[in-house]
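[1] Curious how this folds, go ahead:
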Amino acid sequence: MRLRGSVRGRVGAIQGWLERRVDSKLGRLSLDWFRAYFAASQNSGSAAALYMFLSVAPTMLALVGVLGAAGADTTAFADRLVAHLHLTGETAHVVKETFGSASSNALAASLAAVVGFLIWGLGIGQIYQDVYARAWKIQVRTLSDQWRFTVWFFAVSGLLGLGIASSGQLKAAGWAALIPLWLAGSLAFWLWTPSYLLHRQIGLRQLFPGALLATIVIGGASATSPLFLGGWLKADAKYFGSFGVVLALLSWAFILVTLSMVCAIFSPVWSEWRAAERRRPAELASAASRPAADQAGP
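    Numbers count the residues shown, from 1 in each chain. Modelled structure (predicted):
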């Protein structure tokens, strides 16, 4: 009995601690954000990550291959991956064999890009549009949206391809030039994406908190990825070869896509939370002024 009472006391203490943390500005914001993410995402991250890997990646490699035909480095993607993650030895060789040959064959990569776009590419923009629309509680779907999904798809693929193809020049320019360029480009992209997919029904000022958060979170994840992704790739390449490398990168893509959707939910949550916090003092004062019997209910 004494042990059971002790356990109940600890559980009660933990429950009380959680309730106190939730009953704060940060706690209420976190709880609202958590609920809104699961209501709006509906497990869309896994589908979006798979679609991107099967459509954006081939399109990006095709762009690198086309640039290679014009004299650019055809192994830019593999070289950038090896350099960024500090890969060496057999792992670096497997990565170059997996992606270097694909980017150097412009025709094969272009065919794969066309197939990937037709089957999976259009679905990515639709997934993100659905997430944004559910988060903002608006209706935006029209027949012309297929064109919007097409433009968004090629904008994403083009930006990634150009970024990889010019990674050597950007790195040579140094961090002083690279960081501001990344911040400006990323912030512009995450402002444009929801505004464009939602038919500009939401103003840029309202979208700014989520865009800023996505810029910081995804930029930070990418910058710190050498600390863990390199070891992850080495382990998978050791046991599974090229398949392990692709699987590890697919898992990393899922993490980044999920982070982007978590950030996408933040703007409407932030807006609603600020409005609720402004109303909260008046609501608390109104509740305190009611008779005790009215508060207790029937």
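[2] Tell me where the stretch 101-250 of the chain has helices.
    Assigned by DSSP state H, counting those that start in this stretch, the stretch 101-250 of the chain shows helices spanning 101-104, 106-116, 122-136, 145-165, 167-173, 175-197, 204-224, 229-240, 242-289.
[3] got a list of what Ala48 touches?
    Contact criterion C-beta atoms under 8 Å, 6 or more residues apart in numbering gives Ile124, Ile127, Tyr128, Val257, Met261 as the residues in contact with Ala48. Every residue, glycine included, has its C-beta placed from N, CA and C.
[4] between those, which is nearest Ser225?
    Of all those, Val257 has the smallest distance to Ser225: 14.5 Å, by C-beta to C-beta.
[5] State the distance from the closest one to Ala264.
    10 Å (C-beta to C-beta, to the nearest Å).
[6] Check Leu26 too.
    Leu26 sits 20 Å away from Ala264, taking C-beta to C-beta as the criterion.
[7] and what of Ala211?
    Ala211 is 9 Å from Ala264, by C-beta to C-beta.
[8] Next: Arg200.
    Per C-beta to C-beta, Arg200 is found 16 Å from Ala264.
[9] So for the two, which residue has more residues nearby?
    Ala264 (25 against 11; other C-beta atoms under 10 Å).
[10] does that one really touch Tyr128, like I thought?
    Yes: between Ala264 and Tyr128 there is a contact at 7.3 Å, judged by C-beta atoms under 8 Å.
[11] Out of the helices of the stretch 101-250 of the chain, which gets the lowest mean score?
    Ranked by mean pLDDT, the helices of the stretch 101-250 of the chain bottom out at helix 101-104, with a mean of 52.
[12] what about Ser46, neighbour count?
    12.
[13] Wait, it touches Ser251, no?
    No: the pair Ser46 / Ser251 is not scored as a contact, 10.5 Å apart, by C-beta under 8 Å.
[14] Show the contacting residues for Gln201.
    Contacts of Gln201 by C-beta under 8 Å, 6+ apart are Trp136, Ile138, Val140.
[15] surely Tyr196 meets Thr150?
    No: in this structure, Tyr196 is not within contact of Thr150 by C-beta under 8 Å, at 11.8 Å.
[16] for the helices of the stretch 101-250 of the chain, which one sits closest to Leu54?
    Distance to Leu54, taken as C-beta to C-beta, is lowest for helix 106-116 among the helices of the stretch 101-250 of the chain, at 5.2 Å.
[17] And the helices of the stretch 101-250 of the chain: which comes nearest Ser30?
    Closest approach to Ser30 among the helices of the stretch 101-250 of the chain (C-beta to C-beta): helix 242-289, 9.6 Å.
[18] list the helices and strands that closest one packs on?
    helix 25-41, helix 44-69, helix 89-95, helix 122-136, helix 175-197, helix 204-224, helix 229-240 (3 or more C-beta pairs under 8 Å, 6 or more residues apart in numbering; DSSP states H and E).
[19] Mind doing that once more with 6 Å?
    Applying 3 or more C-beta pairs under 6 Å, 6 or more residues apart in numbering; DSSP states H and E, one finds that helix 242-289 contacts helix 25-41, helix 44-69, helix 89-95, helix 122-136, helix 204-224, helix 229-240.
[20] Distance check, Trp182 against Gly230.
    20 Å.
[21] And Leu247, by the same measure?
    For Leu247, the distance to Gly230 (C-beta to C-beta) stands at 15 Å.
[22] out of the two, which sits in the busier spot?
    Here Leu247 and Gly230 are compared on neighbour count by other C-beta under 10 Å; more neighbours surround Gly230, at 18 against 14.
[23] how much space between the more buried one and Thr88?
    9 Å.
[24] and what of Asp32?
    Distance from Asp32 to Thr88, by C-beta to C-beta: 46 Å.
[25] That'll do, ta.
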